[in-house]
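1. take a look and give me a structure for this.
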Amino acid sequence: MLVEKTHNHGLRICGWVGIGWIHVKLEAEMKIFLIRLLFRTSETSFSIRNRLFH
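-> Model (predicted):
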């Protein structure tokens, strides 16, 4: 009984850790994606501005 309980608790902890890790990984990837997107848009607007002014 006790072993079963601890096993279930361990599985639950592993599940939460896995979910947390996936969440963190997705969040990090989203941040990288957003940063790249911002960088790209700023880069293109910068080049467009350069073309307009030169």
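
2. give the contact list for K5.
-> For K5, the contact set (Cβ atoms under 8 Å, 6 or more residues apart in numbering) is empty. (C-beta placed from N, C-alpha, C; glycine too.)

3. separation between it and L11?
-> To L11, K5 is 11 Å away according to Cβ to Cβ, to the nearest Å.

4. pLDDT averaged over the particular helix or strand that has H7 in it - what is it?
-> Per DSSP states H and E: H7 is located in helix 2-53. Averaging pLDDT along helix 2-53 gives 85.

5. check which residues of stretch 31-44 are buried.
-> Within stretch 31-44, no residue is scored as buried using 16 or more other Cβ atoms under 10 Å.

6. run the chain-centre distance for it.
-> Mean-position distance between stretch 31-44 and its chain equals 15 Å (Cα atoms, centre = their mean, to the nearest Å).

7. contacts for that stretch next, please.
-> Stretch 31-44 has contacts (Cβ under 8 Å, 6+ apart) with no other residue.

8. and it, C-alpha only, in PDB?
-> Provided in PDB are the C-alpha atoms of stretch 31-44 (Å, rounded to 0.1, in the frame of the first residue of the first chain):
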ATOM      1  CA  LYS A  31      10.800  34.100 -26.800                       C
ATOM      2  CA  ILE A  32      13.600  33.200 -29.200                       C
ATOM      3  CA  PHE A  33      11.000  33.200 -32.100                       C
ATOM      4  CA  LEU A  34       9.600  36.600 -31.000                       C
ATOM      5  CA  ILE A  35      13.100  38.100 -30.600                       C
ATOM      6  CA  ARG A  36      14.100  36.800 -34.000                       C
ATOM      7  CA  LEU A  37      10.800  38.200 -35.500                       C
ATOM      8  CA  LEU A  38      11.400  41.600 -33.800                       C
ATOM      9  CA  PHE A  39      15.000  41.600 -35.000                       C
ATOM     10  CA  ARG A  40      14.000  40.800 -38.500                       C
ATOM     11  CA  THR A  41      11.300  43.400 -38.700                       C
ATOM     12  CA  SER A  42      13.500  46.100 -37.200                       C
ATOM     13  CA  GLU A  43      16.300  45.000 -39.600                       C
ATOM     14  CA  THR A  44      13.900  45.300 -42.600                       C
END
